[in-house]
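Enquirer: Structure for the following, please:
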Amino acid sequence: MIPKDFLTLFDGLSQSHGRVEVFRDFLDVFLYVLSCGYCREDYTRVCNMYDGQEIRVFMQMVQAVADHSEGFSDVLGDIFMEYISHGHNGQFFTPQHVSDLMAEVTCGGIRPGQSVYDPTCGSGRMLLSAVRSLNRTDPNGRIFCYGSDIDLTCVKMTAINMLMNSIPGEVAWMNTLTMEHWRSYRTGLVRIGNVWLPTLKVLGAGETDLVGRVKETVKRSGHTAGAQLQLSFDF
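Expert: Have a look, this model is predicted:
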């Protein structure tokens, strides 16, 4: 469900800057906030394009999405499909209840410390469903989630969803068929007191072990990269 308070703010900014541009810049602001200032370069670019009041609106949009993302909900994916992609390039994400069912079938016995991989992760809702599946039996448990997508906007949405839900792993901007890699967002967890807080590191082209792991997994399975399951368990 798309929060009404977010839509009011989003539509206001879009009148002056365009929906696609505002959503793209919103993701950069979101990553800056969640990374505690780590992604400063993209945030500075946004600040140079919007005035102070508009930046404050972006911050309100961040809060609106965060408030409605509890329980591993994919608000960003809903916004993207409804207002940005319109199905362009087949970007209709798997409905949440279907993702949950697929995760139960594929990852029903998953345990903390294991990992899953979605080679066409979109906004990351299949990965969220996998974590939700574990959460039903172990609320404090976490698995490592790996995702990749050829669309950088999708990669950023997945990284944000993982950060908001304190999920460790890596999201790669890459071509899963050719294995060409351009950038990764690696998320981790640091314990402060009794709370696990997420961390973020951005990796450049080729600075990842994900491609090597994918190639090794594909080699063991005897399939081509494009023939992988949407959600691969024990990756």
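Enquirer: For Ile110, pull up the helix or strand it's in.
Expert: Per DSSP states H and E, Ile110 falls between elements, in no helix or strand.
Enquirer: Touching, it and Cys145? I think so.
Expert: No: using CB atoms under 8 Å, Ile110 is not in contact with Cys145, being 10.9 Å away. For glycine as for every other residue, the C-beta is placed from the backbone atoms N, C-alpha and C.
Enquirer: Determine the residues that are contacts of both of those two.
Expert: Shared contacts of Ile110 and Cys145, defined by CB atoms under 8 Å, 6 or more residues apart in numbering, comprise 116, 130.
Enquirer: Please identify which of these two sits among more neighbours.
Expert: Shown here are Ile110 and Cys145; by other CB atoms under 10 Å, Cys145 has more neighbours (27 against 21).
Enquirer: Could you confirm that one falls within a strand?
Expert: Yes: remark: Cys145 belongs to a strand, assigned using DSSP: H, G, I helix; E, B strand; the rest coil.
Enquirer: Contact partners for it?
Expert: 115-118, 124, 127, 130-131, 162, 167-169.
Enquirer: Kindly recompute the last result at 7 Å.
Expert: Cys145 makes contact with 116, 127, 130-131, 162, 167, 169, according to CB atoms under 7 Å, 6 or more residues apart in numbering.
Enquirer: what about it, distance to Lys219?
Expert: 22 Å (CB to CB, to the nearest Å).
Enquirer: cool, and Asn194?
Expert: 42 Å.
Enquirer: Which one's more surrounded, these two?
Expert: The residue with more neighbours, out of Asn194 and Lys219, is Lys219; 9 against 5, by other CB under 10 Å.
Enquirer: List the buried residues for the helix or strand where the more buried one lies?
Expert: According to DSSP H and E, Lys219 maps onto helix 210-221. For helix 210-221, the neighbour count (16 or more other CB atoms under 10 Å) marks 210-211, 214, 217-218 as buried.
Enquirer: so what does it touch, helix or strand wise?
Expert: strand 169-175 (3 or more CB pairs under 7 Å, 6 or more residues apart in numbering; DSSP states H and E).
Enquirer: ok, then the element right after the strand it packs on?
Expert: Downstream of strand 169-175, the first helix or strand assigned by DSSP H and E is strand 180-192.
Enquirer: Could you tell me the angle between that following strand and strand 169-175?
Expert: Angle of strand 180-192 versus strand 169-175, following axes from the mean of the first three to the mean of the last three CA atoms, to 10 degrees, is 170 degrees.
Enquirer: Could I get the buried residue list for strand 180-192?
Expert: Under the neighbour-count criterion of 16+ other CB under 10 Å, strand 180-192 has 181-188 buried.
Enquirer: do the same with stretch 121-136
Expert: 121-135.
Enquirer: thinking again about what came up before, now the helix holding Lys219, how far from the centre of its chain.
Expert: The chain centroid and the centroid of helix 210-221 are separated by 22 Å under CA atoms, centre = their mean, to the nearest Å.
Enquirer: Repeat that for stretch 60-67.
Expert: On CA atoms, centre = their mean, the centre of stretch 60-67 falls 16 Å from that of its chain.
Enquirer: again with stretch 205-222
Expert: Distance of stretch 205-222 from its chain centroid, counting by CA atoms, centre = their mean, is 20 Å.
Enquirer: which residue sits closest to Val202 in space, ignoring its chain neighbours?
Expert: Excluding its sequence neighbours, the residue lying closest to Val202 (CB to CB, 6 or more residues apart in numbering) is Tyr185, at 5.9 Å.
Enquirer: Quick check: the one you found vs Asn161, distance?
Expert: Counting by CB to CB - Tyr185 and Asn161 are separated by 11 Å.
Enquirer: Cool, thanks, talk later.
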